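[1] Show me how the following folds:
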Amino acid sequence: MADLLRSGRRRGHVRGHVVAQRAYALQPVRSRAVCIGVWVLVCIACMAAGAAAMRGHVRADVSADPPCVAPAAHDALQDALARAQLALKQEAASRASVQKSADALTVEVRRLQAQVLFLQGQSRSHR
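    This is a model prediction of the structure:
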């Protein structure tokens, strides 16, 4: 104990404290078996999550696009639908024609109004 309190510097002593002369190495906190077990559990969890995602993706594709098969018994309905679509197309064409002629007549009316205003201005200037 007396050697530890001396202030002199000898091998292994620094100002009254003993310095260890052996080498230190880090020791793992967990055993190697625990580390491998945790790694295996993480891998299994990732594979399960991937499988669940794939299953959900496949189900979403199947439910998004149901097969649409038209039964042959609806021929009368298809004919009525075709007639209604044709009637709508004809009405749209006739409305476009009427709108075109209305636009042309509006232009003509504005031109004639401008001429009337001009002629009225000319007749007032001669009075």
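[2] contacts, neighbours, all on C-alpha from now
    Noted.
[3] how deep is L88 tucked in, by neighbour count?
    Applying other Cα atoms under 10 Å, we find 12 residues neighbouring L88.
[4] what does D75 give?
    A count of nearby residues for D75, using other Cα under 10 Å, gives 11.
[5] do the same with R95
    12.
[6] and the gap between it and K89?
    R95 sits 10 Å away from K89, taking Cα to Cα, to the nearest Å as the criterion.
[7] all helices in this protein, in order from the N-terminus.
    Using DSSP state H, the helices of the chain run over 2-5, 32-64, 75-126.
[8] From the contact counts, what lies against the last one?
    When contacts are defined as 3 or more Cα pairs under 8 Å, 6 or more residues apart in numbering; DSSP states H and E, helix 75-126 sits against none of the other helices and strands.
[9] Report the distance from that helix to the chain centre.
    Remark: helix 75-126 is offset 45 Å from the chain centroid, using Cα atoms, centre = their mean, to the nearest Å.
[10] Mean confidence (pLDDT) on that helix, please.
    What helix 75-126 shows for mean pLDDT is 92.
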